[in-house]
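Undergrad: Build the 3D model from these lines:
(one chain, ligands or ions: 1)
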Amino acid sequence: MCAARKLPAKQKRAIELLLRLKRLYPDATCSLDYETPMQLMVATILSAQCTDMRVNLVTPELFRRFPDAESMAGADLSEIETLVKSTGFYRNKAKNIQAACRMIMTEFGGNVPQVMEELLKLPGVARKTANVVLANAFGINMGVTVDTHVKRLSYRLGLTKHTDPIRIERDLMKLLPQPDWENWSIRVIYHGRAVCMARKPQCDRCDLADLCPSATLAEKPLAIPEPDDLAITPEHPTPAIDPPATNLNLVGK
Ligand code: SF4
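TA: Numbers count the residues shown, from 1 in each chain. Coordinates of the predicted model:
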């Protein structure tokens, strides 16, 4: 059977998965603590190769000392490094955070841009961070956030055959309604933490099992190779993403 004839069934299943995830996690929200778009951008940069919980332990003091792009841009770099050290890769992260804030000051009038192409110019910001900031700070769904959980679960759920975040995002954008792109990511992240863990997925108590082609493979390794999961600078290359094939509005269902 050709791929084109398979697509509707796959899309139907993706939408059923989305609706079920919405019912399972009705109140799911972004797990990072922030008060402004700049703070969300910084927290998301810090979350690479680190848990959101750890980031949330670090950011209160970081944002107390440097609450906005102007203060972060003028900070002593070594002080930022010290404050973010426990999130790992702290030298790169601190350097990118400061460079991004300086660019926000010099090129964007002190405001985090609300346009994907402009966000991608900021040091340390690739599509994952840009998608998180656009969706959660500005309510703009321009792509699907692909972190380690979205990558793993989308693969196990049979919605992509790829392990590269850009290709996974492209596949998901074709399958899911645009207004739900961030809803998908946030809820998949919840499910990845609670049930479909990397090493020991709990298929026997998973509410998605009847829709998941990996549920019957419980005896076999389910983890996918993760060679390039979350590179720091840049997160991953950012080729053009095609516009979505569908725009079914399921928000709130
Ligand atoms: S059935 Fe298993 S592999 Fe599939 S989503 Fe649930 S826990 Fe993950």
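
Undergrad: from here on, contacts and neighbour counts on C-alpha atoms
TA: Will do.

Undergrad: Would you check that Arg102 makes contact with Ala69?
TA: Yes: with contacts counted by Cα atoms under 8 Å, Arg102 reaches Ala69, the gap being 7.1 Å.

Undergrad: closest point of the stretch 1-150 of the chain to the ligand, which residue?
TA: Closest contact between the stretch 1-150 of the chain and the ligand, by Cα to the nearest ligand atom, is at Leu17 (9.6 Å).

Undergrad: That residue: how many residues sit nearby?
TA: Neighbour count for Leu17, taken as other Cα atoms under 10 Å: 19.

Undergrad: Now name the helix or strand holding it.
TA: helix 3-24 (DSSP states H and E).

Undergrad: Need the residue closest to the centroid of the protein.
TA: Closest to where the C-alpha atoms of the chain average out (Cα atoms, centre = their mean) is Thr145, at 3.4 Å.

Undergrad: neighbours of the closest residue to that one other than its chain neighbours, just the number please.
TA: The shortest distance from Thr145 to any non-neighbouring residue, by Cα to Cα, 6 or more residues apart in numbering, is to Lys128 (5.1 Å). Lys128: 24 surrounding residues under other Cα under 10 Å.

Undergrad: any idea how far Met116 is from His149?
TA: 23 Å (Cα to Cα, to the nearest Å).

Undergrad: and the two? which has more neighbours close in?
TA: His149 (21 against 17).

Undergrad: OK, contacts around the more buried one?
TA: Going by Cα atoms under 8 Å, 6 or more residues apart in numbering, His149 touches Val188, Ile189, Gly192, Arg193.

Undergrad: residues in contact with the residue nearest to Thr145?
TA: Lys128 neighbours (Cα under 8 Å, 6+ apart): Val144, Thr145, Val146, Asp147, Glu235.

Undergrad: Check which helix or strand it maps to.
TA: According to DSSP H and E, Lys128 maps onto helix 127-138.

Undergrad: near the ligand, which residues of the stretch 51-200 of the chain?
TA: Neighbours of the ligand within the stretch 51-200 of the chain, by Cα under 6 Å from any ligand atom: Arg156, Leu157, Val195, Cys196.

Undergrad: Which residues in stretch 46-63 does the neighbour count mark as buried?
TA: Neighbour counts over stretch 46-63 (16 or more other Cα atoms under 10 Å) mark Leu46, Ser47, Ala48, Gln49, Cys50, Asp52, Val55, Asn56, Val58, Thr59, Leu62, Phe63 as buried.

Undergrad: what's that stretch in contact with?
TA: 31-33, 39, 43, 80, 83-84, 86-88, 93, 230-232.

Undergrad: Equivalent analysis for stretch 67-87, please.
TA: So stretch 67-87 is contacted by 38-39, 46-47, 49-50, 54-55, 58-59, 61-62, 66, 90-91, 93-95, 97-99, 101-102, 104-105, 110-111 (Cα under 8 Å, 6+ apart).

Undergrad: and the gap between Lys174 and Ala48?
TA: Taken as Cα to Cα, the span from Lys174 to Ala48 is 26 Å.

Undergrad: roughly how far out does stretch 188-199 sit from the chain middle?
TA: How far stretch 188-199 lies from its chain's middle: 14 Å, per Cα atoms, centre = their mean, to the nearest Å.

Undergrad: Enumerate every residue touching Lys10.
TA: Leu159, Leu175.

Undergrad: just Gln114 next, same as before
TA: Leu134, Phe138.

Undergrad: what does the model give Thr246 for pLDDT?
TA: The model reports Thr246 with a pLDDT of 38.

Undergrad: can you check the one 5 residues further on too?
TA: Predicted confidence (pLDDT) at Val251: the value is 39.

Undergrad: returning to what we had before: how far does the helix holding Leu17 sit from its chain's centre?
TA: With Cα atoms, centre = their mean, you get 20 Å for helix 3-24.

Undergrad: likewise stretch 87-94?
TA: That offset, for stretch 87-94, works out to 18 Å (Cα atoms, centre = their mean).
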